[in-house]
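> Quick one, fold the following:
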Amino acid sequence: MSQKTRFTKSALAVAVAIVSTQAWSAGFQLNEFSASGLGRAYSGEGAIADDAGNVSRNPALITMFDRPTFSGGAVFIDPKVDVTGRSVIGNDASQKNIAPTAWVPNLHFVAPINDQFGWGASMTSNFGLATEFNDGYAAGSMGGKTDLETLNLNLSGAYRLDTHWSFGLGFDAVYARAKIERYAGDLPQIIGASLPGMVRSGQLSAQQAAAIGAQAGGISRDTQIAYLKGDEWGFGWNAGILYELDKNNRYSFTYRSEVKVDFDGNYKSNLPTTLNPINAALGLGLPTGTGGSTTNGSLSLHLPEMWEVSGYNRVDPQWAIHYSLTYTSWSQFQELKATGDNGQTLFYKDESFKDAYRIALGTTYYMNDNWTFRAGIAFDDSPVPDKKRTISIPDQDRLWLSTGATYAFNKDASVDVGVSYMHGQKVKFTEGPYTFQSEGRAFLYGANFNYAF
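Alright, predicted model coming up:
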């Protein structure tokens, strides 16, 4: 296939995605399950047991608590993500602040049963994103409005084998709600500009070009070419092992399973149905037009499994270091494909994610009975291959710088606060008939209240 042929086909293609930029971890994974963890860049989470929030990361940590303990709070995400771009016909495809602010709440409870057994429960969000482009955005076929929210309800238990080994197992029920909107942008203009060349090259007959041109001429920038909304439950499990060398040195291994969410929702496209035969015959890759009517659509979303190795070493009565290496099997997320009741493809997006890692290092300073201070640094490896980067996921490697503190009112009640600055590298890429440059950063602020009964 010639370069010109590849260009003209991509110029006529619309890639529709249900995921987007701003989960504020690699891909669209969320780490924000506690303010104390935020303050140390979530380093050593599987081995630290300073509040009930850690149990959502490693259920084996339940055995570290000697009385019922509660923790609840939220992390506020304040991102700034700008996209600059241009279409092949010269139209500006830039927009600032494409990611809205967001709150990520968390609740945790741990209760020991006896010296060997205990249980815990938590409510967190492990995956999520939001992005908003204007309805008349030039590259609206690549980026529109996207919203994915998940709620993870976890119930777990733990068993202490001896003074060194503890084991934990948990069950996850994940509720996911998703909405996507995509718009025509300047795609009709690009189609019109590419038709004469396709006729000259023999890809289209004059009659086919006239039919496509007539259809494209009636499509405005803010025409909604794809809309999908749905919500569903998915289920998974998690497990953890804790090894205590002694009271000052702990190590852990944790695993969280893949969760498959099968969405059944409503699909609509304002593209005319008369365009569908041309789309199918020429393989243009357009979403299926419904002429503005609503039909059923289904899509499977694979939330990947995760492994984590963590360590905690109290090297001095007042100092500790902690560290983590996380490996996420993002290669399980290969495509987004929505199908109708009759099996027809409504839209398709090749993602081809690769497995990714996250490495974090932090330290804690135990000043006195009232004050604890912490800091951390982390690196998030992006799962998006360079050649697969899109405006819907202009994902990038990210660096975390974090700090935080805990103030204990007494032996029962305390408050955690944390703040992180996250910086993503600048990336340049081409998608279809558009070239883009994206750069993002974010501040994250968290607070939790803890109480031991």
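
> What's the local residue count around Thr131?
Look at Thr131: counted by other C-beta atoms under 10 Å, it has 25 neighbours. The C-beta positions use only the backbone N, C-alpha and C, and glycine is treated the same way.

> Over to Val315?
Neighbours of Val315 under the rule other C-beta under 10 Å: 11.

> Does anything pack onto the strand or helix carrying it? Which helices or strands?
Per DSSP states H and E, Val315 falls inside strand 306-316. Counting contacts by 3 or more C-beta pairs under 8 Å, 6 or more residues apart in numbering; DSSP states H and E, strand 306-316 packs against strand 249-256, strand 319-328.

> Touching it from outside, list them.
Strand 306-316 has contacts (C-beta atoms under 8 Å, 6 or more residues apart in numbering) with 29, 43-48, 57-58, 247-256, 320-329.

> Give me the mean pLDDT for stretch 106-123.
Stretch 106-123 shows a mean pLDDT of 96.

> next one: stretch 53-73
Averaging pLDDT along stretch 53-73 yields 95.

> for stretch 77-95, same thing?
87.

> Please name the residues that touch the nearest residue to Lys428 once chain neighbours are set aside.
In space, and not counting its chain neighbours, Lys428 is closest to Gln437: 4.8 Å by C-beta to C-beta, 6 or more residues apart in numbering. Going by C-beta under 8 Å, 6+ apart, Gln437 touches Val83, Thr84, Gly85, Lys426, Val427, Lys428.

> Report the beta-bridge partner residues of the first one.
Note on Val83: beta-bridge partners Gln95, Ser438, judged by DSSP bridges.

> related to what we said a few turns ago, report the buried members of the contacts of strand 306-316.
29, 43-48, 57-58, 250-254, 256, 320-324, 326, 328-329 (16 or more other C-beta atoms under 10 Å).

> which residues in the stretch 51-200 of the chain form strands?
For the stretch 51-200 of the chain, strands defined by DSSP state E, counting those that start in this stretch occupy the ranges 69-87, 102-112, 117-124, 128-132, 145-160, 165-183.

> Put together JSON lines for those, with distance to Tyr366 on each row.
Formatted as JSON lines, those follow (distance: least, C-beta to C-beta, whole Å):
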{"stretch": "strand 69-87", "distance to Tyr366": "18"}
{"stretch": "strand 102-112", "distance to Tyr366": "21"}
{"stretch": "strand 117-124", "distance to Tyr366": "24"}
{"stretch": "strand 128-132", "distance to Tyr366": "33"}
{"stretch": "strand 145-160", "distance to Tyr366": "25"}
{"stretch": "strand 165-183", "distance to Tyr366": "23"}
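
> and these, which is most packed in?
Comparing the strands of the stretch 51-200 of the chain by mean neighbour count (mean count of other C-beta atoms under 10 Å), strand 128-132 ranks first with a mean of 23.

> In terms of secondary structure, what does it contact?
In terms of contacts (3+ C-beta pairs under 8 Å, 6+ apart), strand 128-132 is packed against strand 102-112, strand 145-160.

> Name every strand pairing with the first one and say which way it goes.
According to DSSP bridges, strand 102-112 forms sheet pairs with strand 69-87 (antiparallel), strand 117-124 (antiparallel).

> Which among those is found nearest to Gln396?
Closest of the strands paired with strand 102-112 to Gln396 is strand 69-87, at 10.0 Å (criterion: C-beta to C-beta).

> quick revisit: distance to Asp172 added to the helices and strands packed on strand 128-132, as a markdown table?
Formatted as a markdown table, these follow (distance: least, C-beta to C-beta, whole Å):
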| stretch | distance to Asp172 |
| --- | --- |
| strand 102-112 | 14 |
| strand 145-160 | 5 |
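
> any idea which helix or strand comes after the lowest-mean-pLDDT helix or strand in the chain?
Ranked by mean pLDDT, DSSP states H and E, the weakest helix or strand in the chain is helix 3-11, scoring a mean of 35. The C-terminal neighbour of helix 3-11 among helices and strands, as given by DSSP H and E, is helix 35-39.
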